[in-house]
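Participant: kindly return the folded structure for what I paste below:
(one chain, ligands or ions: 2)
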Amino acid sequence: MTETSPIATAQILRTLHIVTWGCQMNVYDSARMADVLRPLGYRAVDTPDADMVILNTCHIRERASEKLFSELGRLRAVKDARGGAMTIAVAGCVAQAEGAEILARAPYVDVVVGSQAYHRLPALIAEVEAKRRAVVDTDFPAEQKFDHLPAQQASQGPIAFLAIQEGCDKFCTFCVVPYTRGAEQSRPAAAILAEAKRLVAGGAREIALLGQNVNAWHGDGLDGRTWPLARLLAELADIPGLARLRYTTSHPRDMDAALIAAHHDNPKLMPFLHLPVQSGSDAILQAMNRRHGVDLFRRIVADLRAARPDIALSSDFIVGFPGETDADFAATMHLVRETGFALAYSFKYSPRPGTPAAESPDQVPESLKNSRLQELQAVLREQQHDFNRAQIGRRFDVLFTGPGRHPGQMAGRSPYLQPVIVNTASLVPGTIHPVTIASANPNSLMATLNQEQIAA
Ligand code: SAM
Ligand code: SF4
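Facilitator: Ligands and ions are numbered 1, 2, ... in the order given. Purely as a prediction, here's the structure:
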């Protein structure tokens, strides 16, 4: 495959529109695709009437392909109106899973590029232009994508995301990630620290480390040894100007003692952790191949709360996994009530082609999935609102990110990631100020600035 010279093409100005579905990792990938294409003269625009359009897809839950093909249908009309002068690329997990099938259904697509190959986009575009035919690259290349991406160029603002790990070796029986993202890979600490320093120089005060299984990170350390995540977090905490650290998404099996201790020892680690448990029933967890039981989850929560008493938790739940009985579902409800979550995401089980659970004969009827989801979400919503209300009167630091929705307001994020609004317009984005929470809505908090503002 031939490389395109960035210098040769840098003069041509072209427009690029990226549509992103799915998780934070996809948002990160879209930004990196823009970085890869910038040397070719591509500049991001907000409308699909562009020289190149990338649909960065997500395959986690149902209707992913229908959503893709209906969006492609709309794009085809735009491409036709431009006399065909548009390169359409499909990227991400649906591209990885469906590959050439996409071209069969939508022959006006030019590039299908999988999750691990998008650093090759310039070469793929060159191939399309030279050979005037579509290309598919869904390899899991031997070279690490991250080693072949340019340094992040656009500032992400006060809150930045940094991918440190990708892929997954856990093979939960409901999940496509091990197939669409490939085997677990950890980036070396040196590359992560260099990227973090660039992000901070570009204005980041908070960095969220990303990975499908982020706490399984075990990368080459600066001392030549393999580091665990807690060690990386300690090193990141030493970066001057960086005020806050987070990591997501974690798996209970990889919450080791050092990482739990980091929630006590690392002052920059925020007291909020997303730790998906999926179910409160051991039988279901086993059928999901989660490799942990309810007791391990309970123990981790207790240890985290002992290490950091003000820690708040969020989680993911799946209802209606094949074979889930009323008693299994009741066990989930029990675990939710017993644990208390500040936030949670809950989903109906969706059979993903190619995953073991999709083949199970014990599929749960849709109507039962619906009623269980409603019951679970009612309690989770109540817990979220209770958690927000419990903040009233509390004082904590808020990282302000920009103007609020209404004139004269500024918005920021609490240590627990809740949006916080103050009626003051004079704060500089990226500064941190202590506030007192005045009132709580289900999804956000209103606050007043405290007198003694910390130096930001
Ligand atoms: N690695 C994370 C973990 O192990 O918890 C989860 C990553 S997955 C991208 C995000 C969430 O999507 C999962 O926690 C799960 O709740 C949900 N999910 C994944 N596959 C699903 C499926 N087939 N049906 C319904 N929800 C699913
Ligand atoms: Fe999917 Fe997470 Fe399980 Fe990996 S650990 S297979 S990403 S749900």
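
Participant: and whatever residue of the stretch 251-400 of the chain ends up closest to ligand 2, what's its pLDDT?
Facilitator: Nearest residue of the stretch 251-400 of the chain to ligand 2 (CB to the nearest ligand atom) works out as His251 at 4.9 Å. The C-beta positions use only the backbone N, C-alpha and C, and glycine is treated the same way. We have a pLDDT of 98 for His251.

Participant: what sits against the closest residue to it other than its chain neighbours?
Facilitator: Distances taken as CB to CB, 6 or more residues apart in numbering place Asn213 nearest to His251, at 5.2 Å, with adjacent residues excluded. Taking CB atoms under 8 Å, 6 or more residues apart in numbering as the contact definition, Asn213 lies against 165, 167-170, 184, 249-251, 254.

Participant: give the buried subset of those as a PyMOL selection command.
Facilitator: Provided next is the PyMOL selection string for whichever of the contacts of Asn213 are buried by 16 or more other CB atoms under 10 Å:
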select buried, resi 165+167+168+170+184+249+250+251+254
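
Participant: could I get the contacts of Asn213 as JSON lines with distance to Phe69?
Facilitator: Listed next are the contacts of Asn213 as JSON lines, based on distance: CB to CB, whole Å:
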{"residue": "Gln165", "distance to Phe69": "31"}
{"residue": "Gly167", "distance to Phe69": "26"}
{"residue": "Cys168", "distance to Phe69": "27"}
{"residue": "Asp169", "distance to Phe69": "31"}
{"residue": "Lys170", "distance to Phe69": "30"}
{"residue": "Glu184", "distance to Phe69": "31"}
{"residue": "Thr249", "distance to Phe69": "28"}
{"residue": "Ser250", "distance to Phe69": "34"}
{"residue": "His251", "distance to Phe69": "32"}
{"residue": "Asp254", "distance to Phe69": "36"}
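
Participant: returning to that earlier point: state the phi and psi torsions of the residue of the stretch 251-400 of the chain closest to ligand 2.
Facilitator: The phi/psi pair for His251 (degrees, to the nearest 10) reads phi -110, psi 140.

Participant: inside strands: which ones of the contacts of Asn213?
Facilitator: Gln165 (DSSP state E).

Participant: of the contacts of Asn213, which are in range of ligand 1?
Facilitator: 249, 251 (CB under 6 Å from any ligand atom).

Participant: tell me which of the contacts of Asn213 is nearest to Ala425?
Facilitator: Ranked by distance to Ala425 (CB to CB), the contacts of Asn213 are led by Thr249 at 35.1 Å.

Participant: list the contacts of the closest one.
Facilitator: Applying CB under 8 Å, 6+ apart to Thr249 gives the contacts 211-214, 274, 276, 316.

Participant: any idea how far ligand 2 is from it?
Facilitator: 7 Å (CB to the nearest ligand atom, to the nearest Å).

Participant: and the contacts of Thr249, which is closest to Arg291?
Facilitator: Distances from Arg291 to those, taken by CB to CB, are shortest for Asn213, at 11.5 Å.

Participant: please list the residues of the stretch 51-200 of the chain that sit near ligand 2.
Facilitator: Selection of the stretch 51-200 of the chain residues close to ligand 2 by CB under 6 Å from any ligand atom yields 168, 170-172, 175, 177-178.

Participant: tell me which residue is most central in this structure.
Facilitator: Gln24 (2.2 Å; CA atoms, centre = their mean).

Participant: how far off centre is stretch 29-37?
Facilitator: Chain-centre distance of stretch 29-37: 15 Å, with CA atoms, centre = their mean, to the nearest Å.

Participant: hang on, the earlier thing: tell me the least confident of the contacts of Thr249?
Facilitator: Note: of those, the lowest pLDDT belongs to Gln212, at 92.

Participant: and that one, how many residues sit next to it?
Facilitator: Counted with other CB atoms under 10 Å, residues neighbouring Gln212 total 24.

Participant: that one reaches Cys168, doesn't it?
Facilitator: Yes - the criterion here is CB atoms under 8 Å, and Gln212 meets it with Cys168 at 4.9 Å.

Participant: quick check, Leu322 in a helix?
Facilitator: Quick fix: residue 322 is Pro, not Leu. No - counting by DSSP: H, G, I helix; E, B strand; the rest coil, Pro322 falls outside a helix, being coil.

Participant: tell me the pLDDT at it?
Facilitator: Looking at Pro322, the pLDDT reads 98.

Participant: tell me who's in contact with it.
Facilitator: 287, 349, 357, 360-364.

Participant: and if we set it to 7 Å?
Facilitator: Residues in contact with Pro322 (CB atoms under 7 Å, 6 or more residues apart in numbering) are 357, 360, 362-364.
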